[in-house]
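> turn this into a model:
(2 chains)
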Amino acid sequence: MTGNDDTDGERQDFIREIISEDLATSKHAEVVTRFPPEPNGYLHIGHTKSIFLNFGIAEEFGGRCHLRFDDTNPVKEELEYIESIKEDVRWLGCDWGERLYHASDYFERLYDWAEDLVRAGKAYVDDLSAEEIRAHRGTLTEPGKPSPYRDREADENLELLRAMRDGKYPDGDKVLRAKIDMTAGNINLRDPVLYRILRATHPRTGDRWCIYPTYDYAHGQSDAIEHITHSLCTLEFEDHRPLYDWFVDNLPVPSKPRQIEFARLNLTYTVLSKRRLLQLVKGGHVGGWDDPRMPTISGIRRRGYPPAAMHDFIERVGLAKRNSVVDLAMLEHCVRTELNRTAERRMGVLRPLKVVIENYPEGTSEELEAVNNPEDSAAGTRQVPFGRELYIERADFMEEPPKKFFRLAPGREVRLRYAYFITCRDVIKDDTGEVVELRCTYDPETRGGDSPDGRKVKATLHWVSAAHAVGAEVRLYDHLFNRPDPGADGDLLDDLNPGSLEVVDDAWLEPSIAAFGPGDRFQLERLGYFCVDPDSVPGKPVLNRAVTLRDSWAKVKAKSKE
RNA sequence: UGGGGUGUCGUCCAAUGGUAGGACAUGCGGCUCUGGACCGUAGGAUCGGGGUUCGAAUCCCUGCACCCCAGCCA
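Residues are numbered from 1 along each chain as shown, chains lettered A, B, ... in the order given. So this is what the prediction gives:
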């Protein structure tokens, strides 16, 4: 189901249709998919599409999904990445069970098959340099020319290949190439490289090998070895498919997998490429791979996006073959929907304005009952302390309110959530004319927030008791880039949003928030959804704002400014 | 000017020869102890030109636009 359909649960995307058909016609008895990351970076939101697709299909069709590291290039790959990828996949709720594999598990078999190809006259060792190979490859419009080494005898090739494996030649000195067709329109078929000489320590095989298979030579065969039935990948591999099939058809592999391509995910205001993400991290433009502004899985986890929201998002985005860019607002909608359902409510004030309740007895306080989650009665209630001195949000008071401003103003009565109606009696300013304190009175009859005489107020404000509040640092995030297509016409860095991070270090929170630990998510009423950051220290929580609430007042305000 | 793909509301995805529909976004109402949530409602699309057909987003022809490929990256 694509998730954007509510009348027909049968509807499927084109890949699920193919699989259903393969099952119906008994082409396959079971479905086996795989998620095949290269451990050369951190996973990002784009990968969630592939992860949920592969694991989701396996689950829906009662099959299985393998986690396979495509570790064929030790120059770029690291153990650190392997660990982070596993953690991220697990966090998304996907379980590969015992089915953890690596392309490097198959290096021995892949090599044997390479000898088979050589013996069959379908592969040869080429002495040409990388530059010469490129020159011989031709261009998009001109055919390539055969290498002078293309017609070496099988025996000589075999000897050379073994010598390559045994470390007799320096890096880059020779390669093994498939002998296919130097004039093919599809450049991938112009005698692709199968093995290159690379003296690099592999994260798993160490220094056992000095030749490594290329992606093209390793991927399809790895799929076949694992009896993958449907090998799902992104569009740019579409014209590798003939090569993929060529290997599977020319090698004694145990099964014949089918590669199917789909469009990768793109998001507005976001970059999703390892190269550009690495650029942001290495350049110090963000705090690291897990900076909450990063579209990495570790970034959004720290930011407070729940895995369930990611799943919902991927379902809604759907699956097709056309390149597209999804509106970031769609993702934020999914985050809000999930958090609205599951996150408990709390109160906190970001930019405090002191309020003194003049007719509230000095030196006393009381506890008021507050609902934890109006969307979930099972979440229960909690007690919130109230006293004579409070903080409210600075933005909730205006000395000269415009027509549509419903909040506190001189002489006006509003409700303090779950507490009392208060009326603003006096405004105290400092030398510069800035409002520093409000003198108010409360109506004891309105305890809990309802007036016995049926009197209405137009606004309800959040607040905290000054005597009980916990000081906190709150990090507010905005889009990392200030245009929907960052880097589209020029330097990516020119499009960085200088206001993407705002740190508020004198926020006040209701005391119950101290009970939350890193990773816990909750709503600060009227402000948004927040997540406790690991930077928190005892007595001084650090909060990340995952996403704001929808804010129709902000829209009214923005419109009146135009 | 080689090969491989893709063109449907602003955005994403459906409609598989038979009323172009949903979601997000946007506008307008309602409701509300969160200007939240929720409910209702409106506007908004088949790349162009021919053809086949009672009937075309769908089939055919022909243009056009966009994406990918010339790593010993994946």
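
> pretty sure A:Ala329 sits in a helix.
Yes. Assessed with DSSP: H, G, I helix; E, B strand; the rest coil, A:Ala329 lies in a helix.

> show me what contacts it?
Listed by Cβ atoms under 8 Å, 6 or more residues apart in numbering, the contact set of A:Ala329 is empty. C-beta coordinates here come from the backbone N, C-alpha and C atoms, glycine included.

> any idea which helix or strand in chain A has the lowest mean pLDDT?
Within chain A, no helix or strand scores below helix A:552-561, which has a mean of 85 by mean pLDDT, DSSP states H and E.

> how far does it sit from its chain's centre?
31 Å (Cα atoms, centre = their mean, to the nearest Å).

> buried residues in that helix?
For helix A:552-561, burial by neighbour count (16 or more other Cβ atoms under 10 Å) applies to no residue.

> residues near whatever residue of the stretch 151-300 of chain A ends up closest to RNA strand B, how many?
Closest residue of the stretch 151-300 of chain A to RNA strand B, Cβ to the nearest atom of the strand: A:Gly185 (2.6 Å). Using other Cβ atoms under 10 Å, A:Gly185 has 11 neighbouring residues.

> ok so it is a helix residue?
No. A:Gly185 is assigned coil when assessed by three-state DSSP, not a helix.

> tell me how far it lies from A:Val175.
When distance is defined by Cβ to Cβ, to the nearest Å, A:Gly185 is 23 Å away from A:Val175.

> what do you get for A:Leu549?
Where A:Val175 is concerned, A:Leu549 sits at a distance of 58 Å (Cβ to Cβ).

> does the nearest residue to A:Phe247 once chain neighbours are set aside belong to a helix, a strand or coil?
Here the nearest residue to A:Phe247 in space, its sequence neighbours aside, is A:Gly220; by Cβ to Cβ, 6 or more residues apart in numbering that works out to 5.1 Å. Following three-state DSSP, the label given to A:Gly220 is helix.

> ok, A:Gly220 touching A:Ser231?
Yes. A:Gly220 lies in contact with A:Ser231 (Cβ atoms under 8 Å); the separation is 7.3 Å.

> one step back: so which of A:Leu549 and A:Val175 has more stuff around it?
Using other Cβ under 10 Å, the more surrounded residue of A:Leu549 and A:Val175 is A:Val175, with 24 against 16.

> just checking, the more buried one touches A:Ser129?
No. If you go by Cβ under 8 Å, A:Val175 and A:Ser129 don't touch, sitting 9.7 Å apart.

> what about A:Lys49, neighbour count?
By other Cβ under 10 Å, neighbour count at A:Lys49 equals 22.

> what of the one 10 residues further on?
Other residues lying near A:Glu59 total 16 when counted by other Cβ under 10 Å.

> likewise for A:Glu80?
The burial count for A:Glu80: 12, using other Cβ under 10 Å.

> ok so A:Tyr212 is a strand residue?
Yes. Assigned with three-state DSSP, A:Tyr212 falls within a strand.

> still on that earlier bit, who touches both of A:Gly220 and A:Ser231?
Common neighbours of A:Gly220 and A:Ser231, using Cβ under 8 Å, 6+ apart, are A:Tyr244, A:Pro257, A:Gln259.

> among those residues, name the ones in strands.
Within these, residues falling in strands by DSSP state E are A:Gln259.

> take the shared contacts of A:Gly220 and A:Ser231 and write them to JSON lines, including distance to RNA strand B, pLDDT and neighbour count.
Formatted as JSON lines, the shared contacts of A:Gly220 and A:Ser231 follow (distance: Cβ to the nearest atom of the strand, whole Å; pLDDT from 0 to 100; neighbours: other Cβ atoms under 10 Å):
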{"residue": "A:Tyr244", "distance to RNA strand B": "11", "pLDDT": "98", "neighbour count": "22"}
{"residue": "A:Pro257", "distance to RNA strand B": "16", "pLDDT": "98", "neighbour count": "25"}
{"residue": "A:Gln259", "distance to RNA strand B": "11", "pLDDT": "98", "neighbour count": "19"}
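
> nearest to A:Ile51 among the shared contacts of A:Gly220 and A:Ser231?
A:Gln259 (17.8 Å; Cβ to Cβ).

> how about the residue lying closest to the closest one once chain neighbours are set aside, what does it touch?
Excluding its sequence neighbours, the residue lying closest to A:Gln259 (Cβ to Cβ, 6+ apart) is A:Ser231, at 4.5 Å. By Cβ under 8 Å, 6+ apart, the contact set of A:Ser231 is A:Thr33, A:Arg34, A:His219, A:Gly220, A:Asp223, A:Tyr244, A:Pro257, A:Arg258, A:Gln259, A:Ile260.

> thought A:Leu492 was touching A:Gly283, still the case?
No. Counting by Cβ under 8 Å, A:Gly283 does not reach A:Leu492; the two are 9.8 Å apart.

> of these two, who's got more company?
Comparing A:Gly283 with A:Leu492 by neighbour count (other Cβ under 10 Å), the higher total belongs to A:Leu492, at 17 against 11.

> hmm, back to that, per-residue confidence for the residue nearest to A:Phe247?
For A:Gly220, the pLDDT comes out at 98.

> what about it, neighbour count?
Neighbours of A:Gly220 (other Cβ under 10 Å): 26.

> which SS state does A:Leu161 fall under?
helix.

> does it touch A:Ala114 like I think?
Yes. With contacts counted by Cβ under 8 Å, A:Leu161 reaches A:Ala114, the gap being 6.7 Å.

> mutual contacts of those two, please.
Counting by Cβ under 8 Å, 6+ apart, the common neighbours of A:Leu161 and A:Ala114 are A:Leu176, A:Tyr195.

> what residue in chain A comes nearest to RNA strand B?
A:Gly449 (2.0 Å).

> per-residue pLDDT, that residue?
Value listed for A:Gly449 in the pLDDT field: 95.

> gap between it and A:Glu413?
13 Å.

> more neighbours: these two, which one.
A:Glu413 (21 against 16).

> you'd agree A:Val427 is in a strand?
Yes. Counting by three-state DSSP, A:Val427 falls inside a strand.

> neighbours around it, how many?
A:Val427, neighbours per other Cβ under 10 Å, totals 14.
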